[in-house]
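1. Give me coordinates for this.
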Amino acid sequence: MGSCKIDGCPHPVSAYQDDGCCIFHTKTGKIKGYDRDKPIFIKPDERSKKAQIIVKEFIQSFSKMLVPKTKDKSQFVCARFIFPILEVKEWRKMWSPISELSPKKRPKIKLDFSVSFTKAIFGGTAGFKNATFCRETDFSSARFCGEADFEDVKFVSNTDFSRAEFVGEAKFTDTEFNDKAIFAVAKFLGCANFWAAKFDRDVNFYAAEFNDPGLFQDVDFSNEASFIGAKFVNRASFKNAKFSGKAYFNRVEFESDVFFKNTKFHCEATFMATNFGGKAIFEGFSITEKCTFTAAKFHQEADFSNAIMKLVDYTRCEISSFLRLRQIRKQNNKEDREVTKESPIILLRDLRFWENGHILIEDIDISRVSFWQTNLHVIRPRVDFIRVNWGTKKFILDDIYNRPEYKKWKSDELQEKEWNDIFEPIEKTENKEEEIERCYKQIKLIYETSGYYPDAGEFYLLEMDARRRKPMGLLIEVLHFLYWLVSDYGERVGRAFLWFVGFLFVSALSFAFAGFEKSDEIFKLLPQFNFSQWRTTICTLINSFIAVVNSIFLSGVEPYRPVNTWGSAILVIAKILGLAVLALLLLAIRRRFRR
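-> Next up, the predicted model:
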C-alpha cells in the first residue's frame, strides 16, 4: 500500500484516496473543489457514500492515535492534517479519548501533551471550547476555514498561532494564555473576538491583519503586548483593556475607528508612526508612564478628553481633523489621583496641520505643554484654548531661561529621563532664542485673532523679552531697553505718555538752569534764582519749555538761543531723546488702536 506522499508522514496511504495520501492528508472525500485557490469543503449533508466512509475512517484513526497519549506525553503531531467539516457529535467523538466532563456535564478536551497543528486545515468549526492545552501548542500557519472556537480555553504553555489564517470568526473570549502567545502575521478574515481574554506573559501580534472587527475589550495584558505593524481594516476596540507591561502599537494601520476608551496602561505605550484612518477615541484612558505618538497620523477626530496622563509626546504628528485634549477634573480612585497629582506634560512639537487640522485644549495646565517648532497659525489659528491655566507668569514649557524645572531636573537623577524627553531637544537646537520668541508670538496671534487682547498683550511682552536674549548690536539693545522702559514694549500708553511729559519737564528745567537768550533778554534760574520772584521763575520755565518743544518739533531754537555750551548740549539731547520717546508713545498708541 505504501506510505503517504507527504514528507515525514509515517501513516499508510488510505484505501479510499485519489491523491496518494493517508487518511489525514488526503483531500478525497473532504474537498470538492477550489475557488481562487481556496478549498471548498464537502458539508455533512453533501457527503457521498465514499466521503462518508473517509470521514468515518478519519474520526476512528484520529481517535485511535489519541489513546496512547493518555500515558505517552510526547508531542502529538498533526502537521498538514486536513480536517473535514464535522458535526458536533463527530468532533466530540474524535476527541473522546482525552475528553472529560466539565462541571456543566459537557465534554472538555484536555491535552496533557504538546501538540502541533502546523499548516493543518480545519474545514469546519474547530470546536476547542473549554479545552486545556497543558504543554506547548503550535497552530502556526494553520488555516481555519470555519469558526475557530477557543472560548474559555486555557493555554498553559507557549502558544503559537503565527501565520495562522482565520476565515470565519475567531473566538478567544475568556481564554487564558499562561505563557507566551504568538499571533505574528496571523490573518483574521472574520471577527477576531478576544473579549475578556487574559495574557499572563508576552503576546505578539506583529504584522497581524484584522479584516473584520478586532475586539479586545476587557482584555488583561499582564506583560509586554506588541501589535507592531498590525493592520485593522475594520473597527478595533480596546475598551476597558488593561496593559500591565509595555504596549507597542508602532506602525499600526487603523483604517477604521479605534476605541481605547477607559483603557489603562500601567507602563509605557508607543504609537509611533501609527496611522489612525478613522476616529481615535482615547476618552478616559489612563497611563502611568510615557505615551508616545511620534509621527502618528490622525485623519479623523481624535478625542483624548478626560484622559489621565503623565507625559504624552505628539512630536511630528500629522493632524487632518479635530484633536481634543481635555484633562479629567476629578479622579475617582487612589491610583488615578496618584497619576494626576501633577498636571500632564504634553509635547505638541513640530506638528503638521492639514486643511481641517485643529486642536482643542481644554481644562489643562497649559504651562506644561510644549509647542516647540510647531506652527500654530497656518492661514488661521490651529489651536483653541478653553479654560486653560498658564500659571502666574505664563512662561511656556519651552522657555528654558525662565522654567525652574530646566535646572532642577537636570541635576536630579530621578528626573533625568523627563529632562531628556523635554529639555534636551531644546538645548540641542541652534538659535533656540529665536524659537522661544516664535512660540510666544504664535500664542499671541491666537489670542489676538480670538479677541482676547489682554492675554495677547501678556504673551507679546514675553515675546519681546525672549527677543532681548538674541545677540544684537549696541544701538539695537539700547533702543530695545528704551522700548521696554518707556512703554513696556508698547503695552502701556499711559506710562509712555508720562515718560514723554516728564522728559519735557526735565529738559525744560535743565535748559532753564543752563540759561538762554530771547530778544536780547537773558533767562536763567541760577544764580539769581529766588522763589520770592515767582513770576520771573514761571516766565523762565514757560519760555524754557517752549524752547525745548520748539527744538524737538520744529528743528530750531529761534528765537531762543542758548548762552553756553551746556544749553546747546541740552537742546541736542532733548531733540534726540525727545523724538525717540515720542516715537515710542506713538507706537504704543498705534498698537492700542490696532486692537
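
2. Starting from Arg324, give me the distance back to Ile443.
-> 19 Å (CB to CB, to the nearest Å). From N, CA and C alone the C-beta is placed, and that goes for glycine too.

3. Compare these two and say which is more crowded by neighbours.
-> Ile443 (27 against 18; other CB atoms under 10 Å).

4. Just give the nearest non-adjacent residue to the more buried one, would you?
-> Phe459 (4.8 Å; CB to CB, 6 or more residues apart in numbering).

5. Can you give me the distance of the one you found to Gly494?
-> Counting by CB to CB - Phe459 and Gly494 are separated by 21 Å.

6. out of those two, which sits in the busier spot?
-> For Phe459 and Gly494, the more surrounded residue by other CB under 10 Å is Phe459, and the numbers stand at 23 against 9.

7. Could you pull up the residues touching the residue nearest the centre of the chain?
-> In the chain, the residue lying closest to the centroid (CA atoms, centre = their mean) is Phe293, at 3.5 Å. Neighbouring residues of Phe293 by CB atoms under 8 Å, 6 or more residues apart in numbering: Phe271, Met272, Thr274, Val312, Asp313, Tyr314, Cys317.

8. Just the pLDDT at it, thanks.
-> Predicted confidence (pLDDT) for Phe293: 96.

9. now it: how far from Phe271?
-> 5 Å.

10. Do I have it right that Glu100 meets Pro107?
-> Yes: counting by CB atoms under 8 Å, Glu100 does reach Pro107; the two are 7.4 Å apart.

11. higher neighbour count, those two?
-> Using other CB under 10 Å as the criterion, Glu100 and Pro107 rank with Pro107 on top: 18 against 10.

12. got a pLDDT number for the closest residue to that one other than its chain neighbours?
-> Computed as CB to CB, 6+ apart, the closest residue to Pro107 that is not its neighbour in sequence is Ser99, at 4.4 Å. For Ser99, the model assigns a pLDDT of 86.

13. quick one, what contacts Ser99?
-> Applying CB under 8 Å, 6+ apart, we find Ser99 in contact with Arg92, Pro107, Lys108, Ile109, Lys110.

14. Can you tell me which of these end up in strands?
-> When DSSP state E is applied, the contacts of Ser99 are split such that Pro107, Lys108, Ile109, Lys110 fall in strands.

15. circling back to that earlier point, inside strands: which ones of the contacts of Phe293?
-> Val312, Asp313.

16. Is it possible to mark the buried ones in the contacts of Phe293?
-> Phe271, Met272, Thr274, Val312, Asp313, Tyr314, Cys317 (16 or more other CB atoms under 10 Å).

17. Show me which pair in those residues is furthest apart.
-> Thr274 and Val312 (13.6 Å; CB to CB).

18. Just confirm Ala580 is within a strand.
-> No: Ala580 is assigned helix when assessed by DSSP: H, G, I helix; E, B strand; the rest coil, not a strand.

19. Per-residue pLDDT of it, please?
-> For Ala580, pLDDT reads 73.

20. Tyr483 too?
-> So, for Tyr483, pLDDT stands at 68.

21. ditto for Asn240
-> Per-residue pLDDT puts Asn240 at 96.

22. Was I right to think the residue nearest to Ile443 contacts Arg438?
-> No: when contacts are counted by CB under 8 Å, Phe459 is not listed as touching Arg438 (11.7 Å).

23. Asn356 against Glu301, yeah?
-> No: using CB under 8 Å, Asn356 is not in contact with Glu301, being 10.4 Å away.

24. Comparing these two, which shows the higher neighbour count?
-> For Asn356 versus Glu301, neighbours defined as other CB under 10 Å are more numerous around Glu301 (16 against 10).

25. Who are the contact partners of that one?
-> Counting by CB under 8 Å, 6+ apart, the residues that Glu301 touches are Lys279, Ala280, Ser321, Phe322, Leu323, Arg324.

26. can you rerun that using 10 Å?
-> The contact partners of Glu301, taken as CB atoms under 10 Å, 6 or more residues apart in numbering, are Asp257, Phe276, Gly278, Lys279, Ala280, Ile281, Ser320, Ser321, Phe322, Leu323, Arg324.

27. ditto for Glu151
-> By CB under 10 Å, 6+ apart, Glu151 lies in contact with 127-131, 171-175, 193, 195, 197.

28. Just the buried residues of those.
-> Using 16+ other CB under 10 Å, the buried members of these are 127-131, 171-175, 193, 195, 197.

29. and which of the residues you listed is nearest Arg143?
-> Phe128 (15.2 Å).

30. now the closest one: how far from Gly2?
-> 33 Å.

31. What's the local residue count around Lys32?
-> Neighbour tally, Lys32, other CB under 10 Å: 14.

32. can you pull the pLDDT of it?
-> pLDDT for Lys32: 90.

33. in the stretch 401-550 of the chain, which spans are strands?
-> Using DSSP state E, counting those that start in this stretch, the strands of the stretch 401-550 of the chain run over residues 516-518, 521-523.

34. Among the contacts of Ser99, name the least confidently predicted one.
-> Lowest in pLDDT among the contacts of Ser99 is Pro107, which has 73.

35. And the pLDDT at Glu521?
-> At Glu521, pLDDT is 68.

36. Can you mark which positions in stretch 425-443 are buried?
-> 425-426, 432-433, 435-443.

37. What is the nearest of those residues to Thr137?
-> Pro425 (45.9 Å).

38. For that closest one, which non-adjacent residue is spatially closest?
-> Trp372 (7.0 Å).

39. Assumed that neighbour was part of a helix.
-> No: according to three-state DSSP, Trp372 belongs to no helix; its state is coil.

40. thinking again about what came up before, got the contacts of Glu301 as TSV, with distance to Asp179 columns?
-> Output for these, formatted as TSV (distance: CB to CB, whole Å):
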residue	distance to Asp179
Asp257	33
Phe276	32
Gly278	34
Lys279	35
Ala280	32
Ile281	32
Ser320	41
Ser321	41
Phe322	43
Leu323	39
Arg324	40
